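>>> Compute the structure for the input listed below.
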Amino acid sequence: WAFQDKPREKVFLLARELGCTSQDPDTVLDFLMTVPAIDLMTAQHKENIVTAKEKAHKFSLIFTPCVEVAGETPFLPDTPRKLMENGDFAKVPIILGINDKEGMLALAHQAVPNHDNFSLFVPHDLAITPDSEEERRLGQEILQFYAKTETFSWDVVSQYIDFITDVDFAISLEYSRRCFLKHGVSVYTYLFTYTSPRTFSSFLIPMSYPDKAEQFLGCGASHGDELIFLFKTNMSKLPFLPPTVEDQSMMDKLVKTWTTFAKTGNPNCDELGVTWTSDDNHNPQYLEIGKIWKQVNGVLFPERMEFWRNIYDKHSFLY
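Okay, the predicted model is just below:
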């Protein structure tokens, strides 16, 4: 979701939606520079610009980084996948991890589908013909794997959260982890599971689904929930809750661990209370950061990652 493989197509669609039908890139650029920012933001959510699958997987984030083929210092000279495969990145130690329920982001953004469109369950970076019978069958297989059903409903939203966690975060994290390790980078992998009434999801999900939010509160850490323990956050629409003793302990420990890593390239410190062992492709392991911090053997979500590894081996990556 953080990469756009069709930037030219999308920007011409945006310009047309706003009233410019030119096919000249310079003319389109000049036109878009005159459009108020709020109009640019509103127009990119229109159905002729963003597809249903993009809404589900990218949360309508259309204008994300893309491959730059011109210029002396491009930010992305190739697709992220090829850069990772070839080791074209800075070989420095890295902390790499996710939250256990990243996919609750779909609830916070009101992006839970309300119909059985099986193509929505097929990742956008999978090399498969859109709207084909093959795509429909694969979408059905994916839904069956996660929810043990062939019909999508609110009853399986918890499983849908795991699906979004995987296709938008965990699959790429596992791929990146392997590439970093293959090229000799020290990787410290983590899974953040700590929950608190102070987190973003605790406020945003009830705002999006007030009648159904209760079942998800406290069931895991959503996308961005860890940030309030690392940084001061002031969001005008969210009330401030003072941290509990446990929250304050998490803040102190997390900040000390992250700053120790920034200084030394190794996150281990006296305050950690456990040895955070660097990851290894032959002996994978990660640190679970929850109410108790503990080292865990294996990869994140092993059964789910094996399922997706088989799918991508069969169909390959689109980009």
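>>> What segments of the stretch 51-200 of the chain are strands?
Under the criterion DSSP state E, counting those that start in this stretch, the stretch 51-200 of the chain contains strands at 94-99, 187-192.
>>> Can you tell me the strand partners of the last one and which way each runs?
Spelled out, it's strand 187-192. Strand 187-192 has the following strand partners under DSSP bridges: strand 94-99 (parallel), strand 285-289 (parallel).
>>> Phe3 is nearest to which of those?
Closest to Phe3 of those, according to CB to CB: strand 94-99, at 17.2 Å. Placement of C-beta: from N, CA and C, glycine included.
>>> Is it correct that Ile62 is in contact with Val11?
No. With contact defined as CB atoms under 8 Å, Ile62 does not reach Val11; the gap is 9.2 Å.
>>> Span of stretch 224-237 from start to end?
Taking CA to CA, to the nearest Å, stretch 224-237 runs 16 Å from one end to the other.
>>> Break this protein down into its domains, please.
Domain ranges of the chain: 1-77, 78-315, per automatic domain parsing.
>>> Output the below-cut-off pLDDT ranges for the stretch 151-300 of the chain.
Across the stretch 151-300 of the chain, the ranges flagged by pLDDT under 70 are 235-236.
>>> Let's have the strands of the stretch 51-200 of the chain in CSV, adding mean neighbour count and distance to Asp30.
Output for these, formatted as CSV (neighbours: other CB atoms under 10 Å; distance: least, CB to CB, whole Å):
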stretch, mean neighbour count, distance to Asp30
strand 94-99, 20, 40
strand 187-192, 22, 44
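>>> and of the ones you listed, who's closest to Val157?
Among the strands of the stretch 51-200 of the chain, strand 94-99 comes nearest to Val157, with 17.2 Å by CB to CB.
>>> if we can go back for a sec, right, and the strands of the stretch 51-200 of the chain - which one's nearest Ile171?
So among these, strand 94-99 is nearest, using CB to CB, at 10.5 Å.
>>> Count the neighbours of Val296 for me.
Neighbour count for Val296, taken as other CB atoms under 10 Å: 14.
>>> Tell me if it really is in a strand.
Yes. Assessed with DSSP: H, G, I helix; E, B strand; the rest coil, Val296 lies in a strand.
>>> how about the helices in the chain?
Assigned by DSSP state H, the helices in the chain fall at 7-17, 25-32, 37-43, 52-58, 80-86, 105-108, 133-147, 157-165, 171-182, 200-208, 245-264, 302-315.
>>> so of these, which one's packed in deepest?
helix 105-108 (a mean of 24; mean count of other CB atoms under 10 Å).
>>> From the contact counts, what lies against it?
Packing partners of helix 105-108 (3 or more CB pairs under 8 Å, 6 or more residues apart in numbering; DSSP states H and E): helix 157-165, helix 200-208.
>>> Kindly reformat the strands paired with strand 187-192 as a markdown table containing distance to Val185.
Converted to a markdown table, those look like this (distance: least, CB to CB, whole Å):
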| stretch | distance to Val185 |
| --- | --- |
| strand 94-99 | 6 |
| strand 285-289 | 15 |
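>>> Which of those strands sits closest to Ser158?
Closest approach to Ser158 among the strands paired with strand 187-192 is made by strand 94-99 (15.2 Å; CB to CB).
>>> Identify the residues contacting the closest one?
Here strand 94-99 makes contact (CB atoms under 8 Å, 6 or more residues apart in numbering) with 165, 169-170, 173, 176-177, 180, 185-193, 220-226, 258, 261, 267, 279, 286-287, 289, 300.
>>> give me that answer again for 6 Å
Contacts to strand 94-99, defined as CB atoms under 6 Å, 6 or more residues apart in numbering, come from residues Phe169, Leu173, Arg177, Val187, Tyr188, Thr189, Tyr190, Phe192, Ala221, Asp225, Phe261.
>>> Next: stretch 195-214.
Here stretch 195-214 has contacts from 104, 107-108, 110, 216-218, 221-222, 224-225, 228, 238, 241, 247, using CB under 6 Å, 6+ apart.
>>> From these, pick the one nearest Lys294.
For the contacts of stretch 195-214, the residue nearest Lys294 by CB to CB is Ala221; the value is 15.5 Å.
>>> what's the distance between that closest one and Leu29?
Using CB to CB, to the nearest Å, Ala221 is found at 40 Å from Leu29.
>>> next one: Arg178
With CB to CB as the criterion, Arg178 and Leu29 are 39 Å apart.
>>> ok, back up a step: rebuild the helices and strands packed on helix 105-108 as JSON lines, extending it with distance to Pro77.
Shown next, in JSON lines, are those (distance: least, CB to CB, whole Å):
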{"stretch": "helix 157-165", "distance to Pro77": "30"}
{"stretch": "helix 200-208", "distance to Pro77": "34"}
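>>> Just tell me which of those helices ends up closest to Gly139.
Here helix 157-165 is closest among the helices and strands packed on helix 105-108 (CB to CB), at 10.8 Å.
>>> Tell me what angle that closest one forms with strand 94-99.
Direction vectors for helix 157-165 and strand 94-99, defined by axes from the mean of the first three to the mean of the last three CA atoms, to 10 degrees, enclose an angle of 160 degrees.
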